[in-house]
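[1] Mind looking at a prediction? Sequence and model below.
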Amino acid sequence: MIIAGIMTGTSADGLDVALVDMSVSITDSSTLDMRLLAYQEFDFDPDLANDILLLISGAPVPVSLVSSVDARLGQASAEALQQLTYDTGVRCELAVFHGQTIRHDVIAGKVMSTLQVGQPAWIAQCCGFPVLSDVRARDVAEGGQGAPLVSTMDQLLLADRNVPTAMLNLGGIANITVVSPHSDTIAYDTGPANALLDIMARRISGNSRGYDWDGSYALQGKVIPALLNQLLSDPYYAQPAPKSTGKELFNAAYLDRHLAQYRASFPQQISVTDMDVIATLTSLTARTVAQECIRQGVVEVIASGGGTRNPALMTALSIELRTAKGTGIPVMSTEETFGLPEAAKESCLMALLGWLSWHGLPGSLPSATGAEETSIAGRLSPGSGPLRLPNPFKDPPKRLNVLI
């Protein structure tokens, strides 16, 4: 079954579109084979990008803007998918569209609501095949965090590992999935990854760069220990898992409050530069990720997401992990380990969730999200013809095999 996965994450910088062939292994019915047929990144047009950033900034916005972005993001996604399928000649049977998270409300550790915009009807109308969307809400309704849903994929990828391993995703928010041979899989957001770094990159560049893509800004600055310690004192880091967060917390206003507090506490430190701030934020991400990996007792880390392209961040993470367990905890990529490109992982996750839902199988792990029960993810928008689902599978797959 060929499925298109369309992802736009908390970095809100564009669309990741993957065309994925998924099938039950012919040699083992408990294994699901996944082959990445095509992958492409599509930047948002500047007006849409700016409007999305406004929606997730935490500032009051009119409902008309929410409605407009909902339609325009759906249209942009339809155009991107149509272009990729035309260019590759691949015919899809299903698309899975995550949409853009503009709100993820957490009160006292409980997710009260989650909202993704991007109207899937535009994709169904343009491309002609069904679209699965709104993949987080059912888990929230079951009492879960609605995140990290990537734990479903991670558990299948690591099914045969015999040592505690962390799968790390460095998007706008960093999350880890810890898979151990003798305990339940757990997953949670560790804190900001690119969210705060992107804010500083835009400020430093005058909005000409949306992120510190080569780590050059951070490498020009120095870490400010007092500011780092202040940031590390945020109560989120002490909360128990399962937990999730987003730009509702880690946004520009949050950063500005901390900078103002630091400058009020240390008025003599007038030489602090924007480069120093982004270097400190890079250290914050590395430190909070490493602390959780060490606390969970993992012996290896497999990383993916846009943050893996930032050499300053990856070097800082390696240094933080180097002090663990004497010899340190190695960091590898999903491409090195499984043949799965780091940037394509989340769009491939969407395809996996689509395959599971299409066959009547749950798409979430209660041990990871905190939900009371497993649930089938998403809701379907029919394509150009009647919606015909196959008979549901009885048993979910136990492992996922990436075919090269």
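    Sure thing, it's come through. Numbers count the residues shown, from 1 in each chain.

[2] So what does residue 44 look like in phi/psi?
    Here is the backbone geometry of residue 44 (degrees, to the nearest 10): phi -70, psi 150.

[3] okay, now residue 43: neighbour count?
    For residue 43, the number of neighbouring residues by other CB atoms under 10 Å comes to 13. C-beta here means a position set from N, CA and C on the backbone, and glycine is covered the same way.

[4] Can you tell me the closest non-neighbouring residue to it?
    residue 14 (4.4 Å; CB to CB, 6 or more residues apart in numbering).

[5] Kindly report the same for residue 337.
    The spatial neighbour of residue 337 that comes closest, neighbours along the chain excluded (CB to CB, 6+ apart), is residue 302 at 5.1 Å.

[6] what's near enough to touch the residue nearest to residue 43?
    Residues touching residue 14, when contacts are defined by CB atoms under 8 Å, 6 or more residues apart in numbering, comprise 8, 41-44, 49.

[7] From those, list just the buried residues.
    8, 42, 44 (16 or more other CB atoms under 10 Å).

[8] And those residues, which is closest to residue 151?
    Distance to residue 151 across those (CB to CB) is lowest for residue 8, with 19.6 Å.

[9] That closest one is in contact with residue 100, isn't it?
    Yes: with contact defined as CB atoms under 8 Å, residue 8 counts as touching residue 100 (5.0 Å).

[10] what residues do those two have in common as contacts?
    In contact with both residue 8 and residue 100: 73, 118, using CB under 8 Å, 6+ apart.

[11] any idea where the strands of this protein begin and end?
    Taking DSSP state E, the strands of the chain run over residues 2-7, 14-24, 31-43, 94-97, 100-107, 110-117, 131-133, 165-170, 173-180, 183-192, 300-304, 331-333, 379-381, 399-403.

[12] Number of residues surrounding the residue nearest to residue 337?
    Applying other CB under 10 Å, I find that residue 302 has 28 neighbouring residues.

[13] correct me, but residue 219 touches residue 312?
    Yes: applying CB under 8 Å as the test, residue 219 and residue 312 come out as touching, 5.1 Å apart.

[14] Between those two, point out the one with more neighbours.
    Higher neighbour count among residue 219 and residue 312: residue 312, with 22 against 16, using other CB under 10 Å.

[15] Pull up the gap between the more buried one and residue 329, please.
    19 Å (CB to CB, to the nearest Å).

[16] ok, now which ones touch residue 234?
    So residue 234 contacts residue 191 (CB under 8 Å, 6+ apart).

[17] Offset the numbering so it begins at 682, please.
    That works, and once the first residue is 682, the last one we named lands at residue 915.

[18] Who does the residue nearest to residue 984 when sequence neighbours are not counted form a beta bridge with?
    Counting by CB to CB, 6+ apart, residue 984 lies nearest to residue 849, which is 4.5 Å off, once chain neighbours are set aside. Per DSSP bridges, the residues bridged to residue 849 are residue 857, residue 984.

[19] Can you spell out the domain ranges of this protein, please?
    For the chain, automatic domain parsing gives the domain ranges 683-828+1023-1084, 834-1019.

[20] List of residues touching stretch 923-931?
    Contacts of stretch 923-931 (CB under 8 Å, 6+ apart): 691, 737-739, 782, 784-787, 790, 792, 825-829, 853-854, 856, 867-870, 872-873, 876-877, 917, 1049-1051.

[21] To clarify, my last question referred to stretch 1020-1032.
    Counting by CB under 8 Å, 6+ apart, the neighbours of stretch 1020-1032 from elsewhere in the structure are 684-688, 690, 697-699, 701, 703, 715, 717, 720, 722, 777-779, 816, 830-831, 833-834, 850, 852, 984-987, 989-990, 1014-1016, 1083, 1085.

[22] and the lengthiest helix in the chain, what does it pack onto?
    The helix spanning the most residues in the chain, taking DSSP state H as the definition, is helix 744-769. For helix 744-769, the packing partners by 3 or more CB pairs under 8 Å, 6 or more residues apart in numbering; DSSP states H and E come out as strand 683-688, strand 695-705, strand 712-724, helix 727-736, strand 775-778, strand 781-788, strand 791-798, helix 801-808.

[23] that older thread, distance check, the residue nearest to residue 724 against residue 687.
    11 Å.

[24] Residue 970 too?
    Residue 970 sits at a distance of 27 Å from residue 687 (criterion: CB to CB).

[25] which stretches of this protein have low pLDDT?
    Within the chain, the stretches falling below the threshold (pLDDT under 70) are 950-951, 1004-1008.

[26] Output the strands of the chain as TSV; include the columns distance to residue 764.
    Supplementary listing: these in TSV, determined by distance: least, CB to CB, whole Å:
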stretch	distance to residue 764
strand 683-688	12
strand 695-705	9
strand 712-724	8
strand 775-778	13
strand 781-788	19
strand 791-798	21
strand 812-814	17
strand 846-851	26
strand 854-861	29
strand 864-873	32
strand 981-985	24
strand 1012-1014	27
strand 1060-1062	20
strand 1080-1084	25
